Every structure is written in structure tokens, then in C-alpha cells.
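[1] how would this look folded up:
(2 chains, ligands or ions: 2)
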Number of protein chains: 2
Amino acid sequence: MSAAEMNAPPAATLYNRVCVIGLGLIGSSLLRCLMNDRGLAAEVVACDRSDAVRARVAELGIADRVEADATLAVAGADLVVLCTPVGAYADVAALIGPHLAPGSTLSDVGSVKQAVVRDVSPHVPDGVHFVPGHPLAGTEHSGPDAGFKELFRGRWLILTPPPGTDAGAVDRLGRLWAACGSQIEVMDPSHHDQVLAITSHLPHLIAYTIVGTATDLEETTKSEVIRFSASGFRDFTRIAASDPVMWRDIFLNNREAVLEMIQRFTEDLTALQRAIRWGEGDKLLDLFTRTRAIRRSIIDAKQA
Amino acid sequence: MSAAEMNAPPAATLYNRVCVIGLGLIGSSLLRCLMNDRGLAAEVVACDRSDAVRARVAELGIADRVEADATLAVAGADLVVLCTPVGAYADVAALIGPHLAPGSTLSDVGSVKQAVVRDVSPHVPDGVHFVPGHPLAGTEHSGPDAGFKELFRGRWLILTPPPGTDAGAVDRLGRLWAACGSQIEVMDPSHHDQVLAITSHLPHLIAYTIVGTATDLEETTKSEVIRFSASGFRDFTRIAASDPVMWRDIFLNNREAVLEMIQRFTEDLTALQRAIRWGEGDKLLDLFTRTRAIRRSIIDAKQA
Ligand SMILES: NC(=O)c1ccc[n+]([C@@H]2O[C@H](COP(=O)([O-])OP(=O)(O)OC[C@H]3O[C@@H](n4cnc5c(N)ncnc54)[C@H](OP(=O)(O)O)[C@@H]3O)[C@@H](O)[C@H]2O)c1
Ligand SMILES: NC(=O)c1ccc[n+]([C@@H]2O[C@H](COP(=O)([O-])OP(=O)(O)OC[C@H]3O[C@@H](n4cnc5c(N)ncnc54)[C@H](OP(=O)(O)O)[C@@H]3O)[C@@H](O)[C@H]2O)c1
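    Ligands and ions are numbered 1, 2, ... in the order given. Here you go, the predicted model:
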């Protein structure tokens, strides 16, 4: 029994043993929250495939126990949270599935949800509650050093439990994230993927594209793009510096919704292009005036 | 003679009388700089077509004199700076041209430069130095209350004097902006327009487009776009809340360069769309990795 367990007996904590798999920005931030509020988990187990990451997590002291073997890591845990890139979920789930404790909860933090349900569900044994989740929180940095315990504070946490999921399990997980500072929202996986396609995935794709377009300019212009980037471009480069593997997985795993949004966006851009070409100032003015109203709504909703 | 002129005799100031026309975000910020450092102009004259704006500028006390009539405002000034939207330049220049003092300098702050040279040059009398300028500074707010004297601090100020312009006039204007905190850069108007097309104009156009695309979604999704806007979308809405008239004028007046950049961007987006459709993860990963490097260059160039 760890020192933590002795100080805070299981009965008084939300979970007995929480296991976090994948110790990057999100996983290590969750670890920090769990270690900071010992009412959440009596024992915190951390697991990553990378030796360097595990060594660093041990050094940072943000877990009670660090494991290389995911099957050992999940054994006896009443909550397991997948925090690897989404593309690794199927393999990890296949590996740990048989070792999940009856009555335990399996969750994740993936940025897409339909694909997660598709990839993970088949490996969830009967009697284990599967409650997918997505914290709308992040930075453009990766790895265990990028994490911090305030990351989820004031941010949304969307849960997408399949129909028929045990309400108690959903509620308990919601309380854990609320203790991390999140606001909880429950929705359908497909609706989640649609909303995120426009609020997050398309903006990131576009930022990657425009930064790529700039990268292809002649050398002299390129160096000036960097020097004079403060005029708008810079904001895009921050977004386009996000983790490449994570974003590849997002686009491959929310394909339909993202393609649909690209299609709409391209049509709208083509209309603007035409208005510029033909000098149709009124059309431009009309759109630019409408978009101001959306900004105001966001400010009113205290999301600005 | 104003009180200011008596306190700071012309010989000791950079200019004798500076006239600012158009008292919005940029014009009023410039006024604040001039009033703050009385070594720059012995007399500061402000001019706007709007009664309300003039009244507000008088109330704010950010000019020695406020004029409705531009011909009176420019009389006797040794520096006149146009700060109206670019679309108004031709009319204003035609109006004030005959009243500009011999040996004086005419400048502006417009976000495009070839069109400004095209529209203003014909109205500049012999013996008046025309030195177009562009401060790479701004916010999404407009009007005299939006201005502040720190706006130009640490920001670039690009001057695009036509070939053969008096070097002394260019140098003097550069010193004024340097005193406002700007870093001065001199370049060709067409090069300016190209660099700004990618660093500023295309990012704004894209932000306007994506926010417009979101506006057209079904009502339920739209309200969620607002609630969950923090995941990337929000950054675009700030850009897309910029002044509609100013941006209409920019797109209409930097048409060629902007259309060229839209073309390149669309090609790149189409390639990504294709990669997503066909599940070509390597192509996505490759681009997402390259764009990270640009971000690093911007951080290294201390523009982040
Ligand atoms: N970053 C954000 O803004 C954000 C926001 C919301 C949700 N998310 C979601 O959070 C998850 C993690 O993202 P992150 O930003 O924290 O990523 P990250 O910083 O790159 O960390 C991912 C970690 O998972 C490890 N990993 C990869 N494959 C693994 C496997 N097969 N088994 C065990 N560990 C493995 C990685 O190790 P290696 O270094 O060896 O690859 C790395 O330590 C993703 O599902 C993402 O969709 C991210
Ligand atoms: N905002 C930026 O981020 C930014 C950055 C760099 C450069 N600039 C350039 O700065 C200039 C002004 O932009 P701003 O943001 O300061 O705009 P703003 O806040 O909208 O102010 C423009 C002012 O010019 C007045 N005006 C319009 N037409 C006029 C006319 N024909 N005669 C006299 N006054 C007139 C407007 O009066 P009404 O209210 O009556 O229209 C308003 O007071 C533009 O050329 C723009 O390209 C802007």
C-alpha cells in the first residue's frame, strides 16, 4: 500500500486506483490534477511506452507508480484513462481489455469520439463501463513537461457515453473532471464530431494550410513573412505548431465531418474570391459585418 | 499661435504643424503619440468628416485644434497624414492637394500601398514630398476611443517612398514613427503588397470565411459553435471582427496579390482534402511537421 493510500483511505476518495496511459500534455496534466487533490484517487498509476517519458514522469513525481506494461498498469484500477494519440487506441484497448477489472470505468481524452467508440468498444469486456471523454483544453506543446494542473480549469469536458451506459459511472467521472476545474457536458459522439469539426478541426486544417502555403514562397518573401508575421499570420502559426501525430489522427478519424466542413468552407471562399475579382464591395462588406456579430455572441457567452 | 507653439518653438520640434485626417483607431493613436511627445509637432491638427468623432476628439483633448474642413486643416502643415479608410484616399487627396504647403510631406497609414500610390500621387503638387507609410499595428476595434499611444510600440512601420523621393523627407518621417516606438523598414510598394497579402490579407480573408461558414450552420450547431469556440475557432473570430469597411477596401485595393495567394492556398487545401479523403496519413504528417518549423523561426525572430 502506498503512503497516499494510507493517508486517504479508499472509502474517502472518488476512485481507488486511477491509471493514466500516455503521459504527454493531456495525460501528465491529468496526473498533476490527481496528485494535487488526493480526494480523487487513492493511488495514481502512470503508463507510457516510452522509456524517456516514464523516467521523466517518475522524476517529476506526478504518479505514485510508473509502469511500462499496460496490462500490469490497469490491473486493479477502477478508472483507466487513455491519453495516447487516438491512432493508438485500438492497439492499446486490445492489449488492456482482458485485464480491466469488472465494474471499473474505461475512459479517454481523444479529440474525436465516433472513431474512438468504433475502435475501443469491441475490446471493452462486459461489466466494464466505457465513458469516452474529451477535454476542450490544450496548448501547442507536447510531452510530460508541457502539462500543468491548471490546464482543464474553466474549460469544457465533453462526455459521450454510449446509450445505456451506467449513469453512476458517468456521474463519477464527471465529478473527477469537475474537480480538475472543467465544466461537464454530455452529448452524442456524432454530434461531438460535427461541432468539433467546425470549432477545432477545420480551423487547425486551415492554419496548417496557410502556413504551408507561406513555406512554399520564394526565400526572400519567406523571410519577410517571418519578420512581418504579427499582422495576422502569427496567430495561425501558433495553431499550426500543434502536435503533428495527434492532428493526423484527428483528420483521419473525423474524415466525414471534416470533409463536409472543408466543402462548405471552400464554397464560401470561392464566392469571396469571385467578389474580390469582380470588385463587388457590397458582398464583402455584408459578410464582414455579419461575422462581427458572431464575435459579439462569443464575448457575451464569456468564451472570448 | 497656439500655446504649444509658444512652449516649444518650431526649431526644437521635428515638425511645425502635423495634420491627421481620419480620427479612428490609427489616427487617434497617432494623435496621442504626438500630444504625448511635444518634441514631434509644435501644433497638432485633427480632421474628420464626422461631427461625433470630432466632438469626441476635442473632448479627449488629443489635438491642439480640430477641423471639419480638410482644406483648412492641411493649410500650413508641414506633415499631413491620411488615416481614413483607403477607399476614401482619392477623394480626400483631390480635395487637399491644392492646399498642401510647398516643401511639406504627405503621408498615410493605409494597409495597401500600390493602390495608395495610384490614387494619391496624381493629386500631389510638385514640391510636396509623398511618403506613403503603413504601421503594422492594430486591433479589431475602431474609432477614436479605441486608440492608445502605445499602439505602435515595438511594431513595424513600413515606408514605401516612390523612386526619387527626397531622402531627408523620408528620414524625418521615419524619426517621427521611431519616436512612436516603431521599427522602420523601407520597401517597394508592390513588394509590400505581396508580403502583406500572405501575412495579413489572406489570414483575414480566411478568418472571415470560416466564421461566415459557421454562421450558416443550423441554429443548434451554431449555438454550440459559440459555446465550444475555445478550441481554435475563437482565435479566428477575433480577426474576423475587424473593421468591415477597412477590410473591404484592402481586398478591393490589393486584388492581384490577394487573388494570387487565395489561388495558392486553395490548391494546397485541395491537396490536403484529398489526403484526408484517401487516408494518406504520411502526407498530413509531413505538412504538419514542416509548419512547426515556421513557428520556431517566428519565435527565433522574436515576433511570437
Ligand atoms: N494536445 C491537445 O491540445 C489535446 C486536447 C484535447 C485532447 N487531446 C487528446 O489527448 C491525447 C494525447 O494528446 P497529447 O497532446 O497529450 O499528446 P502528446 O503530448 O504527444 O503525448 C502522447 C503520449 O502518448 C504516448 N503514446 C503514443 N503511442 C502510445 C502507445 N501505443 N502506448 C502508450 N503510449 C503511447 C506518447 O509516447 P511517444 O512519445 O513514445 O509517442 C506520448 O508520451 C490525444 O488523443 C489527443 O487527441 C489533445
Ligand atoms: N485598424 C487596423 O488594424 C489598421 C492597421 C494598419 C493600418 N490601418 C489603416 O488605417 C486607416 C484607418 O483605419 P482605422 O482602423 O483607424 O479606421 P477607423 O477606426 O474606422 O477610422 C477611420 C476614420 O476615418 C473617417 N473617415 C472615413 N471616410 C472619411 C473621409 N472621406 N474624410 C474624412 N474622414 C473619413 C471615419 O469617419 P466615419 O466614422 O464618418 O466613417 C473614421 O473616423 C486605414 O487606411 C487602414 O487601412 C488600419
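
[2] Is stretch A:288-304 positioned near chain B?
    Yes. Counting by CB under 8 Å from any CB of the partner chain, chain B has neighbours in stretch A:288-304: A:288-298, A:301, A:303-304. For the C-beta atoms, the positions are set from N, CA and C on the backbone; glycine is no exception.

[3] mind listing which of the residues you listed are in helices?
    A:Phe288, A:Thr289, A:Arg290, A:Thr291, A:Arg292, A:Ala293, A:Ile294, A:Arg295, A:Arg296, A:Ser297, A:Ile298 (DSSP state H).

[4] TSV for these, including distance to B:Pro163, neighbour count and pLDDT?
    Converted to TSV, those look like this (distance: CB to CB, whole Å; neighbours: other CB atoms under 10 Å in any protein chain shown; pLDDT from 0 to 100):
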residue	distance to B:Pro163	neighbour count	pLDDT
A:Phe288	35	25	94
A:Thr289	39	13	93
A:Arg290	42	16	91
A:Thr291	39	26	91
A:Arg292	40	18	88
A:Ala293	45	12	84
A:Ile294	44	22	84
A:Arg295	42	22	85
A:Arg296	46	12	84
A:Ser297	49	18	84
A:Ile298	47	22	83
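
[5] Could I get those in CSV, plus columns for distance to ligand 2?
    Listed next are those as CSV, based on distance: CB to the nearest ligand atom, whole Å:
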residue, distance to ligand 2
A:Phe288, 12
A:Thr289, 13
A:Arg290, 18
A:Thr291, 16
A:Arg292, 13
A:Ala293, 18
A:Ile294, 19
A:Arg295, 15
A:Arg296, 17
A:Ser297, 22
A:Ile298, 20
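
[6] got the buried residues for the strand or helix carrying A:Ala55?
    Assigned by DSSP states H and E, A:Ala55 falls within helix A:51-60. Residues A:Val53, A:Arg54, A:Arg56, A:Val57, A:Leu60 are the ones in helix A:51-60 that count as buried (16 or more other CB atoms under 10 Å in any protein chain shown).

[7] got a list of what the third one touches?
    A:Arg56 makes contacts with A:Gly143, A:Pro144, A:Asp145, as judged by CB atoms under 8 Å, 6 or more residues apart in numbering or on different chains.

[8] one more time with 6 Å, if that's ok
    The neighbours of A:Arg56, taking CB atoms under 6 Å, 6 or more residues apart in numbering or on different chains as the test, are A:Pro144.

[9] Let me know the pLDDT of it.
    Per-residue pLDDT puts A:Arg56 at 98.

[10] related to what we said a few turns ago, now the helix holding A:Ala55 - C-alpha only, PDB.
    The C-alpha atoms that make up helix A:51-60 are tabulated as PDB, following Å, rounded to 0.1, in the frame of the first residue of the first chain:
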ATOM      1  CA  ASP A  51      11.400   4.900 -21.500                       C
ATOM      2  CA  ALA A  52      12.300   8.500 -21.600                       C
ATOM      3  CA  VAL A  53       8.700   9.700 -20.800                       C
ATOM      4  CA  ARG A  54       8.400   7.200 -17.900                       C
ATOM      5  CA  ALA A  55      11.700   8.300 -16.500                       C
ATOM      6  CA  ARG A  56      10.700  11.900 -16.700                       C
ATOM      7  CA  VAL A  57       7.300  11.300 -15.100                       C
ATOM      8  CA  ALA A  58       9.000   9.500 -12.200                       C
ATOM      9  CA  GLU A  59      11.400  12.400 -11.900                       C
ATOM     10  CA  LEU A  60       8.600  14.900 -11.800                       C
END
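
[11] so does that helix get close to ligand 1?
    Yes. Counting by CB under 6 Å from any ligand atom, ligand 1 is contacted by helix A:51-60 at A:Val53.

[12] Which other helices and strands does the helix or strand following that helix contact?
    Once helix A:51-60 ends, the next helix or strand along the chain (criterion: DSSP H and E) is strand A:65-67. Strand A:65-67 is packed against strand A:41-47, helix A:51-60, with contacts defined by 3 or more CB pairs under 6 Å, 6 or more residues apart in numbering or on different chains; DSSP states H and E.

[13] Tell me the buried residues in strand A:65-67?
    A:Val66, A:Glu67.

[14] How about the helix or strand just after it and ligand 1, touching?
    Using DSSP H and E, the helix or strand that follows strand A:65-67 in sequence is helix A:70-74. No. Using CB under 6 Å from any ligand atom, we find that helix A:70-74 stays clear of ligand 1, coming within 6.8 Å at best.

[15] Against which helices or strands is helix A:70-74 packed?
    Using 3+ CB pairs under 6 Å, 6+ apart, helix A:70-74 is in contact with strand A:15-21, strand A:41-47, helix A:89-96.

[16] got the contact list for that helix?
    With CB under 6 Å, 6+ apart as the criterion, helix A:70-74 contacts A:Cys19, A:Ile21, A:Val45, A:Cys47, A:Glu67, A:Val80, A:Leu95, A:Ile96, A:His99, A:Leu100.

[17] could I get the residues you listed as a markdown table with distance to A:Phe130 and pLDDT?
    Below are the contacts of helix A:70-74 laid out as a markdown table (distance: CB to CB, whole Å; pLDDT from 0 to 100):
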| residue | distance to A:Phe130 | pLDDT |
| --- | --- | --- |
| A:Cys19 | 15 | 98 |
| A:Ile21 | 15 | 98 |
| A:Val45 | 19 | 98 |
| A:Cys47 | 18 | 98 |
| A:Glu67 | 22 | 98 |
| A:Val80 | 10 | 98 |
| A:Leu95 | 16 | 98 |
| A:Ile96 | 12 | 98 |
| A:His99 | 15 | 98 |
| A:Leu100 | 10 | 98 |
